[in-house]
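[1] Could you work out the structure for the sequence below:
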Amino acid sequence: MAAAFHIETEPASALLPHIAFLPLTLDAEMVMVDEFPFPSQITTSKPLSLLGHGITDIEIQYLQIKFTAIGVYLEPEVVRHLQQWKGKPGKELAEDDAFFEALINAPVEKFLRVVVIKEIKGSQYGVQVERAVRDRLAAVDKYEEEEEEALEKVLEFFRSKYLKKNSIITYHFPANSGTAEITFTTQGKEESKIKVENANVVEMIKKWYLGGTRGVSATTITSLANARSAELCK
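    Below is the predicted model of the structure:
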């Protein structure tokens, strides 16, 4: 029998103050993602709904180690751009990278909220982002000097941070834009942010989190697939 791995978590009421650091309007209703509260709706330039969630983790000798909890916020209208998958079950969508390519390319606003479960150095997280994006760019022959410079700025942004438990990283992708804004908030520190303006790098950051079978979080991909399947079947 696999041994249980326990990570201590604070009650939801203790976590709620961290939400106030986000430069957003947050809905009062919360959805628990691995015991971390995520607002069911946020408002950036318009209301966005929590349409998928999950965690990043690994298993070592039957022990599950959890790193982050993830919430994916999209305009509900994204379903209009996915009609060719109408009637498909969630399990099939989760394995269909073309479906997630269409979701990534849909001209709607997207927002990712990542909450740290296991604390790590910001430099470690930055290297994960840099490697994931660089490898995807290199695979399609799009890794040039401009992309290298943009990734170095992202790496430098995280290098000075320490990702304590309950720290929050957000990625905001405006509709019809090749840019992204990354923010970092943690208790006791001012919010910091960086704008990524290289469209190729932005695309691969989206694919790292939302890229179907190659996405960093299988549970998030499954959640998105099941939720979109249910919506498409209406």
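
[2] Bridged to the most centrally placed residue in the chain, which residues?
    The centroid of the chain falls nearest to residue 112 when counting by Cα atoms, centre = their mean (4.0 Å). Beta-bridge partners for residue 112, by DSSP bridges, are residue 72, residue 171.

[3] Enumerate every residue touching it.
    70, 71, 72, 73, 170, 171, 209 (Cβ atoms under 8 Å, 6 or more residues apart in numbering). In short, each C-beta sits where N, CA and C put it, glycine included.

[4] can you list contacts of the strand ranked longest in the chain?
    Ordering each strand of the chain by length in residues (DSSP state E) puts strand 47-60 first. With Cβ under 8 Å, 6+ apart as the contact definition, strand 47-60 has outside contacts at 31, 33-34, 38-42, 64-76, 78, 109-111, 117, 216-224, 227-228.

[5] just the buried members of the residues you listed?
    Buried members of the contacts of strand 47-60, counted by 16 or more other Cβ atoms under 10 Å: 33-34, 38-39, 41-42, 67-75, 78, 109-111, 117, 216-217, 219-224, 227-228.

[6] who's in contact with stretch 85-103?
    Counting by Cβ under 8 Å, 6+ apart, stretch 85-103 makes contact with 74, 78, 81-82, 84, 210-215, 221-222, 224-230, 232-233, all of which sit outside it.

[7] for that stretch, which positions count as buried?
    For stretch 85-103, a neighbour-count test (16+ other Cβ under 10 Å) marks 85, 88, 90, 93, 94, 96, 99, 100, 102, 103 as buried.
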